[in-house]
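Peer 1: show me the folded form of this:
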Amino acid sequence: MTAALWIACFSADVSPPVGHPLCGGVIPPAQRIEDPLLACGFVLLGAGKPLVVCAVDWCEIHNDAHDRWRTVLAEAAGTEPKRVLVTSLHPHDAPMADLEARRLLEERGIRGGLCEPGFHEEALGRVAAAVRASVKSPRRITHLGMGQAKVEKVASNRRIVGKDGKVGAMRASACRDETLRAAPEGLIDPWLKTLSFWDGDRPVVAMSHYATHPMSSYGHGGVSCDFFGLARARRQAEDPSIFQIIVNGCAGNIAAGKYNDGSPPMRSVLADRVHQAMVAAWNATRRHPLGRIAWRVEELALPPKTGSGFNPADLRKRMDDNGQPLRERVRAATALSWLSRAHAGHRIDVPVLDLDWAQVVLLPGEPFVEYQLAAQRMRPDAFVLVVGYGDLGPGYLPTDRAFDEGGYEPGDWCFVGPGVESSVTTVLRKALQVK
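Peer 2: Have a look, this model is predicted:
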């Protein structure tokens, strides 16, 4: 057994005000709060400088905004930014933050797109205050719990490859096309995994992990944490003594489209199915003494997309074009924000929480599920949680094959090019210490 280990849990409301942009302004702005958005997490104490894990009910946190979250939470916890893991759950009825892209838009008089800087700092300030309060009363932890269960009729692959080897229409999160819904489920990871921290035989924290776009009925102005957040809330209500967190996996090409027609009742149905798996995973949990806790940070360099329409001059031209819809101008701004960093040699941190029995790895962007499955194959001896939606700057992280197949994901909201698969696979091997 190592020296005494402690955990401090925190939660803060990060819901936007009415009128605030949602999903970067590509859907109607906030008209009402249907479900509060939370930033939930914990601080691990006793393993060197404090370690922070934070899951935010926002659509995306990009580039310098992601840096800002790590910096502010590190200061609040008394640690350094490299020891902070921040991930978004990716519901679309929620804010999208990119401070540099927002500045680029404001320079051109474009408003109504990305997260407003004032609200961004206010929300982040609430989370930092919750972190500072939490570390004053941590709980002792002695054991690690691991359990998993299959989720029924939620996730399906969005990419349906035709006989010509190309992807046609996308089976999105909400899909009313009966032909697309009738197609096979496709490649997914059906397992929901729950990692928990215990004080002896008393559970303290449960963190569940599942890979899918967590959207049901969306884009109607109602701010919502959607079915991931609702499932988490139900588990929290069932036993308030166990702090509940949920994180998304590598869900870039995974959504509920096969099982979701987009009607409002489906939000509760999908939440029920995820909740059932959370309960089953909890019932299947087995405890082990908590030994060494290690934290590593690997660096990931991603190849930026190139070609016509995707160079700084073309992106600025699109932003300057008043005839372009807001969606396109926001996309150009976020792409330029990312490209500027990539061309300057910026490398994205890939933090790893190594608990001996289990590893938690955070990838940036919207990684394909293939990366999650590959990581599990790399470490069949361990309970591996590959979390997606860290720094969303690079957009989708497809496999190289996907660029040849076409489809939505390697398209306009993908800011990386072929070669990404080698980069991501290599960093996963380093993160998991696989030769």
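
Peer 1: can you show me the helices along the stretch 201-350 of the chain?
Peer 2: Read by DSSP state H, counting those that start in this stretch, the stretch 201-350 of the chain holds these helices, from start to end of the chain: 226-238, 265-283, 312-320, 326-343.

Peer 1: so which of those helices gets nearest residue 432?
Peer 2: The minimum distance between residue 432 and the helices of the stretch 201-350 of the chain falls on helix 265-283, with 21.7 Å, by CB to CB. All C-beta atoms are positioned from the backbone trio N, CA, C, and that covers glycine.

Peer 1: pull out the buried residues from the closest one.
Peer 2: 266-267, 269-271, 273-282 (16 or more other CB atoms under 10 Å).

Peer 1: residue 434 touches residue 379, doesn't it?
Peer 2: Yes. A contact is recorded between residue 434 and residue 379 when judged using CB atoms under 8 Å, the distance being 6.6 Å.

Peer 1: who's more crowded, these two?
Peer 2: Residue environment comparison for residue 434 versus residue 379 gives the larger neighbour count to residue 379, 18 against 11, counting by other CB atoms under 10 Å.

Peer 1: how close does that one sit to residue 219?
Peer 2: 38 Å (CB to CB, to the nearest Å).

Peer 1: kindly state the pLDDT recorded for residue 3?
Peer 2: Per-residue confidence at residue 3 stands at 65 (pLDDT).

Peer 1: got it, and the one 10 residues further on?
Peer 2: Residue 13 carries a pLDDT value of 98.

Peer 1: now for it: which residues touch it?
Peer 2: 36, 37, 38, 126 (CB atoms under 8 Å, 6 or more residues apart in numbering).

Peer 1: the first one contacts residue 15, doesn't it?
Peer 2: Same thing as residue 36. Yes. At 5.0 Å, residue 36 counts as touching residue 15 under the criterion of CB under 8 Å.

Peer 1: one step back: now the helices of the stretch 201-350 of the chain in CSV, with mean pLDDT and distance to residue 297?
Peer 2: Shown next, in CSV, are these (pLDDT from 0 to 100; distance: least, CB to CB, whole Å):
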stretch, mean pLDDT, distance to residue 297
helix 226-238, 98, 26
helix 265-283, 98, 28
helix 312-320, 94, 29
helix 326-343, 95, 17
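
Peer 1: and of those helices, who's closest to residue 367?
Peer 2: Proximity of the helices of the stretch 201-350 of the chain to residue 367 was assessed by CB to CB; the nearest stretch is helix 326-343, lying at 15.2 Å.

Peer 1: may I have the distance across stretch 131-146, first residue to last?
Peer 2: Using CA to CA, to the nearest Å, one end of stretch 131-146 lies 25 Å from the other.

Peer 1: how about the secondary structure of the residue positioned nearest the centre of the chain?
Peer 2: Per CA atoms, centre = their mean, the C-alpha nearest to the average position across the chain is that of residue 389, at 3.0 Å. In the three-state summary, residue 389 is assigned as coil, counting by DSSP: H, G, I helix; E, B strand; the rest coil.

Peer 1: what's the answer for residue 359, then?
Peer 2: Here residue 359 is strand, with the state taken from three-state DSSP.

Peer 1: list the contacts of it.
Peer 2: When contacts are counted by CB under 8 Å, 6+ apart, residue 359 touches 352, 353, 379, 382, 383, 384, 385, 431, 432.

Peer 1: go with 6 Å
Peer 2: 382, 384 (CB atoms under 6 Å, 6 or more residues apart in numbering).

Peer 1: and it, what's its pLDDT?
Peer 2: On pLDDT, residue 359 comes in at 97.

Peer 1: same deal with residue 174?
Peer 2: For residue 174, the predicted pLDDT is 95.

Peer 1: relative to residue 270, how far out is it?
Peer 2: Shown here: residue 174 relative to residue 270, a distance of 11 Å by CB to CB.

Peer 1: the residue nearest to the residue nearest to the centre of the chain when sequence neighbours are not counted: neighbour count?
Peer 2: Nearest-residue entry for residue 389: residue 88, 4.5 Å, with adjacent residues in sequence omitted and distances by CB to CB, 6 or more residues apart in numbering. Taking other CB under 10 Å as the criterion, the count of residues near residue 88 is 28.
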